[in-house]
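K.L.:
Here's my sequence, what's the structure:
(2 chains)
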Amino acid sequence: MDTIKLTIDNKQLEVEKGTSIYNAAKSIGIDIPVLCYMSMKDLCIENKPAGCRICVVEVEGRRNLAPSCSTDCQDNMVVRTHTPRVLNARKTVLEFILSDHPKDCLVCPKSGHCELQDMAVKMGIRKIPGEEIAEMSTYRLDTSPSIIRDLDKCIMCRRCETMCNEVQTVGALSAVNRGFYAAVAPAFEQNLEHSPCTYCGQCVAVCPTGALTEVDHTPEVMTHLADPKKTVVVQTAPAVRAALGEEFGLEPGTLVTGKMVTALRQLGFDYVFDTDFAADLTIMEEGTELLNRLSAHLKGDKEIRLPILTSCCPGWVNFFETYFPDLKNVPSTSKSPQQMFGAIAKSYFAEKKEIRREDMVVVSIMPCLAKKYECQRDEFSVDGNPDVDLSISTRELAAFIKQANIDFDSLPEGEFDNPLGESTGAGVIFGATGGVIEAAARTAYEMHTGKNLEKVDFEQLRGMDGVREATVDFDGLPINIGIAHGLGNARKLLDDVRSGKSKYHAIEIMACPGGCIGGGGQPQHHGQTEILKARAAAIYTEDKNKKIRKSHENPFIKELYSTYLGEPNSELAHKLLHTKYFDKKKKIIVNQ
Amino acid sequence: MSGYSMHLLVCGGTGCRASHSEEIEFKLRNELEKRNLEDTVKVLSTGCFGFCEKGPIVKVMPDNTFYTGVTPGDAEDIIAEHVVLGRTVSRLIYEDPSSKEKVPDSKKMGFSKKQLRIALRNCGFINPENINEYIAREGYMALGNVITDISPEDATRLVKDSGLRGRGGAGFSTGLKWELTAATPSDEKYVVCNADEGDPGAFMDRSILEGDPHNVLEAMAICGYCIGADKGLIYIRAEYPLAIERLKTAIKQAREYGLLGKNIMGSDFSFDIELKYGAGAFVCGEETALIHSMEGLRGEPSLKPPFPSVKGYNGKPTNVNNVETLANVPIIFLKGADWFSSIGTEKSKGTKVFALAGKINNVGLIEVPMGTTLREVIFEIGGGIKDGKKFKAVQTGGPSGGCLTENHLDTPIDFDNLIEAGSMMGSGGMIVMDEDDCMVSVAKFYLDFTVEESCGKCAPCRIGNKRLYELLDHICSGKGKVEVLDRLRLMSEVIKDTSLCGLGQTSPNPVLSTLDNFYDEYHAHVSDKKCPAGQCKDLMEYFIIEENCVGCTACARVCPVNAITGERKKPHEINQDICIKCGACMEKCKFDAIIIQ
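P.N.:
Below is the predicted model of the structure:
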């Protein structure tokens, strides 16, 4: 290993060749402030345009200041990170940035979580010189079903652009205009809705300011809760319980399932259910579909296309409808757990409780922003009444709990209601990358072989590598499984499927890096991969703690089939739990 | 040129074409045909002569008669008088602005005397659309010699020994750049000619490409041989249609002659050139931004290292040289490194082309040896300040440069001296200012340009320059307090110190150099609320001197906003609340009764 010796703030150190000054300083406890820089190496995410110039440092012998995030250490380099020249430059540059940023922090959705606000505090900014004569660059507000773009608050850190183009390969966002009016926007500054955006929300997940935020649906939820005629049912996705605690100062990875249930009940929801139940249901439908396709394929049916692709991630569904519409018959037709839940709640459960469809409101708590768009899709409603009325993110739920002056940390542990609150470990692991396919494997194995699966932990399917693969032995039948998280990784697998080169029988795809735990609706991770890893670990802990860990063993799932649906993939199951996909290839509309 | 006893060279550059030089050409031919002289006298369209102020230009060879300001209507006289009767057409002869003498011989004109044309040697001399004329001037001989007799290493060393430095602005050693690109191992390398000329008022690159395109093609091929590239790209702005046309013609001709393409001159060396068009963003002159633009990405710079010599176009080692730099290369091989390095100063060798502009008599494109003083350029070549006004400052280096004063007039021009004086060479823009120019407004003008041309990638350039501009505007409008001058300097210094690329690192130079050299003028704006040059409208008032005013009412009648009142034959008065300071009254007054304060 090539190493480099250098001096930072009079401390000598040795680092690996190719280490940036920023990382070298960090290794000896010097925390150089950064704004645009973001690095999540394990997930192959790196944003370093060297654009904000906040991280500048003095390097002896160099004419100007060096951006520490993107300047590599050199032998015998002498670096100073807090000389008056450096501090003055940082403060002045920050004043520049703030001079072109709205000062309405009090009413900004990012207030309290804003990295720019934190930076202003850190640098001790008291006033912005020349503010009275400073023009602001302003842009029109753009609202889509999931995401709001308020470019007045864009600081051109380019993180969203990196996520959208390099990580997700969606290509909805890039820099537009030049100079003072430069900002990140869809091509021709059209609305996000007319761009290839998948609403994965990864742009929102990394935005340091309030430029990109979710559409807040809590006010509508409150209205329904206040309406005595309405039965308001809530479902919570698996990844929410692994991250919600962070919003209340708990350590990342703290499971708060019970407290969350209590909080929801205190907020006034009539039934607190679990999307994990619907996840188990998804496994029944998707697993059966897989086995059916597989056996038809093995019998030589040329009509059958393999691999089967999971379809529970709405960002991913939007992605293939936009970029791979020719493959729209390849993914499983199973609806996502959110939509399966809605369909069952407003049919099976509503009938059981004798609640009229229009009197029932289904709210979902999701780690995801694409879910907001998903529940608004036309095909997921009956006579204009949606199966899921409203979807709010983990962050929105946290804000709701705070508004309702609930002391989250001291809440007692609650239990989900039945029948749609009971779930297995298989349903829980939907929240992490590889979880859906692992859950499917647990059930499909037993369905196919008729044997009991002793070892339910498929460790080979877990992890954070962007593309993973494993072969699972179905009692002599090797099943090739592919897993991708992050749409850029998905694209690689999809290209192979399109060209017929794919060797897999089944592929799980999650739009967000890390899976739902890293979703666009989760508490901000500010580029810290460790947070995502802690959330994933929490998910697997919850799975381990569950008495039942295979979806088909969920007693309420069994009851649902025996008393209502018949069997997986039955006619009624198809009507309620399956969907179809559309060609949504985007045509650029200019000047709309 | 044999076979003809006389040649009429008509400037075919963009400037003269805009003033109908094509029609002049056509009429000249017509007149010759009428007199059956078309086989004796040849009319040629050439590249730019440089003396654009007095265009369109027609030069008669062999006697060097230099006709200026020619119109199509003058064609008959030039043929009938000069060609047939041998009498010069006196009204078209250049008149020296100081001596008022007519100077027919171009070599004796003050404009030409101190010039030494190396990069421009063929401009205004050959027909750029005919490769044979270039070849007749030893064109492609350097390429032939290099690829047959000299190793790439030796050829690169020769460029390095010549002392040639990049003419695009930074002044980096050309030979060293070639050496660095040559030293990076790769299966593919590129030679890029940077023709994204963007400094306001600078047009040397355009003139070279329009007037002598083969010179640049030959240089690129030589560079390709030296660094091991078989592909050349010319990044040229789409606003240069004539240059593009001429390059296309030149590339086609060179391919036909086997001077570009596979196995040039039967050797193992292959090299071809493609054009890439820019959309006219100034920042794309910065080499990393240029490369991104060529790749189809947003034209914005990225951090160096990695330098293009290591990782450039398509991730491959790329050598980027400016047009003027390349235009010096072939002749260095023909005349030797010693010859080239004998011209110029210790650290800046050869010549530099400047685009002279502003309040100067002879506006145009000039080429002088490094080491020529500003005084020689402005007062001898440039013919001094217009209308006998007083010289105030000269701005060199375009928006990245600074303003130099009378104290710097005897500074020999070279890369290092200009930087030491607080400005820079840049691409060679030179704008002369007189006593009527307000230096705060000049700084504001340049900042306006930078704000417009910043790509927006880094915060100090994107926002800082805008704030600088706003503050300058604030000062010009008389609202600034004395403290803002410190703020102006602080912001300028931070922008320079923190910006990502050369654009932001130099954009505050016009502010800093005017603050250094004309502090009193800034001070007058903020403390006395006066603009000493009388340029800042918000800081001046038009007054009528009672004693001088005869009450002719001319001023009142010309005032567009009826701000002037008064009875006939009695002194008039200007209502300052209404006055928009257009100056129409002062222009109209025959009695010097109106003054600015």
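K.L.:
Just give me the residue closest to the centre of chain B.
P.N.:
For chain B, the residue sitting closest to the mean C-alpha position, by CA atoms, centre = their mean, is B:Ala202 at 2.2 Å.
K.L.:
Does that residue touch B:Met425 like I think?
P.N.:
No - with contact defined as CB atoms under 8 Å, B:Ala202 does not reach B:Met425; the gap is 11.4 Å. All C-beta atoms are positioned from the backbone trio N, CA, C, and that covers glycine.
K.L.:
Identify the residue spatially nearest to the residue of the stretch 1-150 of chain B found nearest chain A, adjacent ones excluded.
P.N.:
Closest to chain A within the stretch 1-150 of chain B is B:Thr14: 25.7 Å, counting by CB to the nearest CB. Ranked by CB to CB, 6 or more residues apart in numbering or on different chains and with sequence neighbours excluded, the top spatial neighbour of B:Thr14 is B:Leu242, at 5.3 Å.
K.L.:
mind checking the SS state of the one you found?
P.N.:
Classification of B:Leu242 using DSSP: H, G, I helix; E, B strand; the rest coil returns helix.
K.L.:
What about A:Asn64, how many residues nearby?
P.N.:
By the measure other CB atoms under 10 Å in any protein chain shown, the count of residues near A:Asn64 is 16.
K.L.:
what about it, which SS state?
P.N.:
With three-state DSSP as the basis, A:Asn64 sits in coil.
K.L.:
give the contact list for the residue of the stretch 151-300 of chain A found nearest chain B.
P.N.:
Relative to chain B, the nearest point of the stretch 151-300 of chain A is A:Ala182 (2.5 Å; CB to the nearest CB). A:Ala182 makes contacts with A:Met156, A:Ala175, A:Val176, B:Ser454, B:Cys455, B:Gly456, B:Lys457, B:Arg462, as judged by CB atoms under 8 Å, 6 or more residues apart in numbering or on different chains.
K.L.:
re earlier: close enough to count as contact, the residue of the stretch 1-150 of chain B closest to chain A and B:Asp205?
P.N.:
No - with contacts counted by CB under 8 Å, B:Thr14 stays clear of B:Asp205, the gap being 11.9 Å.
K.L.:
Check what pLDDT A:Ile588 gets.
P.N.:
pLDDT for A:Ile588: 58.
K.L.:
Show me what from chain A comes close to chain B.
P.N.:
Counting by CB under 8 Å from any CB of the partner chain, the positions of chain A adjacent to chain B are A:49-54, A:56, A:64-65, A:67, A:70-72, A:85, A:88-89, A:92-93, A:96-97, A:99-100, A:129-130, A:133-135, A:155-156, A:174-175, A:177-182.
K.L.:
mind checking which helix or strand the closest residue to chain A within the stretch 351-500 of chain B is in?
P.N.:
Proximity of the stretch 351-500 of chain B to chain A (CB to the nearest CB) peaks at B:Gly456, 2.5 Å away. Assigned by DSSP states H and E, B:Gly456 falls within no helix or strand.
K.L.:
Distance check, the nearest residue to it once chain neighbours are set aside against A:His194.
P.N.:
The spatially closest residue to B:Gly456, leaving aside those adjacent along the chain, is A:Ala182, at 2.5 Å (CB to CB, 6+ apart). From A:Ala182 across to A:His194, the span is 21 Å (CB to CB, to the nearest Å).
K.L.:
Ok, B:Leu404 next?
P.N.:
Per CB to CB, B:Leu404 is found 53 Å from A:His194.
K.L.:
More neighbours: the two, which one.
P.N.:
B:Leu404 (22 against 19).
K.L.:
Quick one: classify the more buried one as helix, strand or coil.
P.N.:
B:Leu404 is classified as strand under three-state DSSP.
K.L.:
Tell me the spacing between it and B:Met430.
P.N.:
Per CB to CB, B:Leu404 is found 10 Å from B:Met430.
K.L.:
ok so, going back, who are the contact partners of the residue of the stretch 351-500 of chain B closest to chain A?
P.N.:
B:Gly456 makes contact with A:Met156, A:Ala175, A:Asn177, A:Arg178, A:Gly179, A:Phe180, A:Tyr181, A:Ala182, B:Glu300, B:Arg462, according to CB under 8 Å, 6+ apart.
K.L.:
is it true that the last one lies in a helix?
P.N.:
Yes - in this structure, B:Arg462 lies within a helix as judged by three-state DSSP.
K.L.:
residues contacting B:Gly144?
P.N.:
Counting by CB under 8 Å, 6+ apart, B:Gly144 has contacts B:Met265.
K.L.:
Quick check: buried residues in the helix or strand hosting it?
P.N.:
Per DSSP H and E: B:Gly144 is located in helix B:141-149. For helix B:141-149, the neighbour count (16 or more other CB atoms under 10 Å in any protein chain shown) marks B:Ala142, B:Leu143, B:Gly144, B:Val146, B:Ile147 as buried.
K.L.:
Could I get the buried residue list for stretch B:438-453?
P.N.:
For stretch B:438-453, by 16+ other CB under 10 Å, it's B:438-447, B:449-451, B:453.
K.L.:
farthest pair in the residues you listed?
P.N.:
Maximum pairwise distance among these (CB to CB): 22.5 Å, between B:Cys438 and B:Glu453.
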